[in-house]
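**Q** Everything below, folded, please.
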Amino acid sequence: MAAEEARAAGAAPDATAAEGIRVTDRRRVVLDESGEGARAEDTSDAPNLKPKYVEELEARTRAAEQSARDVQARFEQVRAELKRETDEIRQRLARTADERAMREKAAFVGALLPVMENLRRAMEAAEGGGSLDALLGGLHGTLSGFESALASGGVEAITAIGQQFDPELHEAVDVVEVEPERDGVVTAEYSRGYRMGGQLLRPARVQVGRAQAGGQAATD
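**A** Got it, this is the predicted structure:
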């Protein structure tokens, strides 16, 4: 009996002390995926186990990535500006070329107007019973004006008669027998050829001399 009272008396201070102590549980209860069980998660600050040089490398990597993004953005901006400027220059050049072509066309048409007037006057003279000399004079003036208009446009007549036959400039319509020294020489012109700059507008239609085979062999 005495022993039991002593044990009761000795346990009482411990219970009182236990009731006076407050314990704070820093663990957080987290449900597992099934939602049935629970586990405690320690929310206390975990120590940083990364070395300092690793953190510096990560910081440099992030800075380099940001710098690369900035450079890419600037590059895209510059490329867009260059494209816009290139399109504007191309459009300006196209307008300039069109305007130049229109001016040249207008100048060529303007050069043809006097030719048309001369031809009209020649027709009026012929209808009014004018002399043949007056009519021929008007036609010659018209032809001369037309040739001048073509020359102002850069058109050049191809010289044919007396020249060696050139298939690049002449079109042989027929041949005629000639002396051996005139073999391959243009002897007549049926229609004049023209070229403009390096471009052939039309070849001259010509007659070409051809020496007899026997005479040529004797000469050789």
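**Q** Show me where the chain has its strands.
**A** Under the criterion DSSP state E, the chain contains strands at 27-31, 38-42, 155-157, 170-178, 186-191, 194-196, 199-202, 204-211.
**Q** For those, state which one has the densest average packing.
**A** Among the strands of the chain, the stretch with the highest mean neighbour count (mean count of other Cβ atoms under 10 Å) is strand 204-211, at a mean of 20. Glycine gets a C-beta too; all of them are placed from N, C-alpha and C.
**Q** Tell me which of the strands of the chain sits nearest to Ala80.
**A** Ala80 lies closest to strand 199-202 among the strands of the chain, at 40.8 Å (Cβ to Cβ).
**Q** for the closest one, packing partners?
**A** strand 194-196 (3 or more Cβ pairs under 8 Å, 6 or more residues apart in numbering; DSSP states H and E).
**Q** which residues of this protein fall in helices?
**A** Taking DSSP state H as the test, the helices found in the chain are 2-20, 52-127, 132-152, 213-219.
**Q** In a markdown table, list these along with distance to Pro167, mean pLDDT and mean neighbour count.
**A** A markdown table is the format used below for those (distance: least, Cβ to Cβ, whole Å; pLDDT from 0 to 100; neighbours: other Cβ atoms under 10 Å):
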| stretch | distance to Pro167 | mean pLDDT | mean neighbour count |
| --- | --- | --- | --- |
| helix 2-20 | 125 | 46 | 9 |
| helix 52-127 | 30 | 89 | 11 |
| helix 132-152 | 24 | 83 | 15 |
| helix 213-219 | 20 | 50 | 11 |
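**Q** who wins for proximity to Gln164 among those?
**A** Closest among the helices of the chain, using Cβ to Cβ: helix 213-219, at 15.5 Å.
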